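S.K.: For reference, the sequence and a predicted model appear below.
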Amino acid sequence: MARSGEAVPAVRREGHFGDRVMTCFAERPDSFDAMLRAAAEAHPDRDAVVDGARRLSFAELERLVSAAAAGYRSLGLEPGSRLGLLVANRWQFVVAVLAALRADLIAVPLNVRAQTAELAHILNDCGAQGLVYERQLASRVPAPETVSDLTLRICLDIGSSGGGEVAFDDLLTTAGPAVAAAEAREEDTAVILYTSGTTGHPKGAMLSHLNIVHSCLHYRHCFRLGPDDRAMLAVPASHVTGLIACIMAPLSAGGAVIVLESFGVPEFLSLAAREGMTMTVMVPAMYNLCLLRANLADYDLSAWRVGAYGGAPMPPATIAALAKELSGLALANAYGATETTSPTTIMPLGDPAHCSDSVGRAVPCAEVRVMDDDGREVEPGETGEVWIGGPMVVAGYWNNPQATQASFVGGFWRSGDIGAMSQDGYLRVFDRKKDLINRGGYKVFSAEVENVLAAHATVAEAAVLPFADPVLGEKILAVVHPRDGIEDREGLRSLCAARLSDYKVPDRFVFLDRPLPRNANGKLMKSALREALGIDARQ
């Protein structure tokens, strides 16, 4: 993973989570709280969190985290208690989640776009005893009789306690007994993040202190993060990318977190220029929107050195356009998941050779294998399911042994992604295993077709789906949101025919006058798209 002249920190093999043996950093803090305390001691006067007019130095962040942690304990939350966090991208989220870790609680960040029934399921599944929430989201908070374990409700944006609620501000201003350094063991769960599964109820991935510390160290090493870095939180803080890549990793390095409450192109670019953003991690659609809706030359983005992305392939056309507009920006594909506490592979900075079709190389402590359906590793260049092991892979799912047993094998997490590993260790990820299109026996990866479509001048965004066919089993549907309303069906068909095998050319095109549906994390929701179009792709 390291480039010439960059030493990988010393590693060693260790046993964890029962029967797993994994490569770990030999020297590491035992918790994120230890990382935060060290950063605050080393850089007390530097910016830690910037949220509009509110600036928190590391010293101020440390004071607020300690106060909130003491407040949690004084309200009866004991080590191991689960604390839900229904808070958007705000400085209070950062304080609330870090205070939970300091108090040895288990933080459960919640998607602020989730509805009452979804929230009730998660809060009941994890047995949350407390909830921190925004007043404007109060109507979505489940009624007390539907979440019997939830006895403590802490509300932002109210001046004082009342109505059975505790004011979050009261926790920050009321002096209480100091909470000692976190006492949890490395393997103890620190955070539960619920995955946004396409079917059934979401599963709660248990992120341990061991997982979080290693992911922070991976980001710090691969992106060379230090005290001078200023990372933009532009994706939801409740998502693994926002929490780990954009909050915890920069803070652990003594850098600053710049908070953007919700993504909008002018707001993002203006804030990035004003605060000297050096790094961010976003989904490709967000980069593409910046190109479509703004002239990047109008903003001083000279400090921006790392533009990481994940969650979907970056169209080659977008990579080329960004390279032309921002010559000092190193684009870095970062592949991971909630179950891997974010990064599994990262494209080495300054290594453009594989940018267009690879998600990079394994981070220092990760083990990545490409396996066939019989559980055998395939040869380099051959396709199979990506299996991931290492100290950043979670132990399993909260309160769900069946799902844990099905998804974790021999210390590896079965990702459900189809990929291939090159001879020199670069991973390519083609598609989700369940979304692979089988057109008359020929396998088609939707991402490959989507990248070709994205290169056409009339395409703002595109998605490729299978639809049922009585002869071939499945055929290929391209759903296109055209730029400026231009529907160039024949031009798109010709472009695909020129660049793809004939069986990969879409059989049908559908044009939408609205953007394609995405979830709160910016990921394309193909299941919602199928439903909206009335497609039964798996007949």
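M.R.: That came through fine.
S.K.: Now do the domain split for this protein, please.
M.R.: For the chain, automatic domain parsing gives the domain ranges 11-421, 439-533.
S.K.: Check these for me: which has the lowest mean pLDDT.
M.R.: Lowest mean pLDDT within those: domain 439-533, at a mean of 88.
S.K.: A helix includes residue 403, no?
M.R.: Yes: assigned with DSSP: H, G, I helix; E, B strand; the rest coil, residue 403 falls within a helix.
S.K.: So what's the residue count around the closest residue in space to residue 360 that isn't next to it in sequence?
M.R.: Using C-beta to C-beta, 6 or more residues apart in numbering and skipping the chain neighbours, the partner closest in space to residue 360 is residue 347 (3.5 Å). To be clear about C-beta, it is placed using only N, CA and C from the backbone, and glycine gets the same treatment. For residue 347, the count of nearby residues is 25 (other C-beta atoms under 10 Å).
S.K.: for residue 525, same thing?
M.R.: Residue 525: 16 surrounding residues under other C-beta under 10 Å.
S.K.: Surely it and residue 518 touch.
M.R.: Yes: taking contacts as C-beta atoms under 8 Å, residue 525 lies within contact range of residue 518: 6.1 Å.
S.K.: Which other helices and strands does the longest helix along the chain contact?
M.R.: Secondary structure of the chain per DSSP state H: the longest helix is helix 58-74. If you count contacts as 3 or more C-beta pairs under 8 Å, 6 or more residues apart in numbering; DSSP states H and E, helix 58-74 packs onto helix 32-42, strand 47-51, helix 91-102, helix 168-173.
S.K.: buried set for it?
M.R.: By neighbour count on 16 or more other C-beta atoms under 10 Å, the buried set for helix 58-74 is 58, 60-62, 64-73.
S.K.: Could you save the residues you listed as a markdown table and add columns showing distance to residue 107?
M.R.: As requested, those are exported to a markdown table (distance: C-beta to C-beta, whole Å):
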| residue | distance to residue 107 |
| --- | --- |
| 58 | 20 |
| 60 | 21 |
| 61 | 16 |
| 62 | 18 |
| 64 | 16 |
| 65 | 12 |
| 66 | 16 |
| 67 | 17 |
| 68 | 12 |
| 69 | 11 |
| 70 | 16 |
| 71 | 15 |
| 72 | 10 |
| 73 | 15 |
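S.K.: how about the strands of the stretch 51-200 of the chain, start to end?
M.R.: Along the stretch 51-200 of the chain, counting by DSSP state E, counting those that start in this stretch, strands occupy 54-57, 82-86, 106-109, 130-133, 152-155, 166-167, 189-194.
S.K.: Check which helices and strands the first one sits against.
M.R.: This points to strand 54-57. strand 47-51.
S.K.: The strand it packs on pairs with which strands?
M.R.: Its sheet considered, strand 47-51 pairs with strand 54-57 (antiparallel), strand 256-259 (parallel) by DSSP bridges.
S.K.: Check which helices and strands the next helix or strand after the last one sits against.
M.R.: Proceeding N to C from strand 256-259, the next assigned helix or strand is helix 265-275, under DSSP states H and E. Using 3+ C-beta pairs under 8 Å, 6+ apart as the contact test, the elements touching helix 265-275 are strand 230-233, strand 256-259, helix 284-293.
S.K.: got the angle between helix 265-275 and helix 284-293?
M.R.: Orientation note: helix 265-275 sits at an angle of 90 degrees relative to helix 284-293 (axes from the mean of the first three to the mean of the last three C-alpha atoms, to 10 degrees).
S.K.: Now helix 265-275: buried residues?
M.R.: 268, 269, 271, 272, 273, 275.
S.K.: ok, so of those residues, who is nearest residue 250?
M.R.: Distance to residue 250, by C-beta to C-beta, is smallest for residue 275 among the buried residues of helix 265-275, at 12.5 Å.
S.K.: okay, now residue 449: neighbour count?
M.R.: Neighbours of residue 449 (other C-beta under 10 Å): 22.
S.K.: give the contact list for it.
M.R.: Contacts for residue 449 (C-beta atoms under 8 Å, 6 or more residues apart in numbering) come out as 464, 476, 478, 496, 500, 504, 506.
S.K.: Is residue 282 in contact with residue 235, as I believe?
M.R.: Yes: with contact defined as C-beta under 8 Å, residue 282 counts as touching residue 235 (6.0 Å).
S.K.: what touches both of these two?
M.R.: Counting by C-beta under 8 Å, 6+ apart, the residues touching both residue 282 and residue 235 are 263, 522.
S.K.: winner for burial among the helices and strands packed on helix 58-74?
M.R.: Greatest average neighbour count among these goes to helix 91-102 (a mean of 26), per mean count of other C-beta atoms under 10 Å.
S.K.: Now do it: which elements does it pack against?
M.R.: helix 32-42, strand 47-51, helix 58-74, strand 82-86, strand 106-109, helix 168-173, strand 189-194, strand 256-259.
S.K.: Now tell me what touches it from outside.
M.R.: Helix 91-102 has contacts (C-beta under 8 Å, 6+ apart) with 31-33, 36, 49, 51, 54, 56, 61, 64-69, 71-72, 83, 85, 87, 106-107, 109, 132, 156, 168, 171-172, 179, 182, 190-191, 237-238, 243, 247, 257, 259.
S.K.: how near is residue 277 to residue 350?
M.R.: 19 Å (C-beta to C-beta, to the nearest Å).
S.K.: Looking at the two, which is more packed in?
M.R.: Between residue 277 and residue 350, residue 277 has the larger neighbour count (other C-beta under 10 Å), namely 25 against 8.
S.K.: Would you enumerate the residues in contact with the more buried one?
M.R.: Contacts of residue 277 by C-beta under 8 Å, 6+ apart are 230, 231, 232, 258, 271, 301, 303, 304.
S.K.: Kindly reformat these as a markdown table and extend each row with distance to residue 138.
M.R.: Shown next, in a markdown table, are the contacts of residue 277 (distance: C-beta to C-beta, whole Å):
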| residue | distance to residue 138 |
| --- | --- |
| 230 | 33 |
| 231 | 31 |
| 232 | 29 |
| 258 | 28 |
| 271 | 28 |
| 301 | 38 |
| 303 | 39 |
| 304 | 37 |
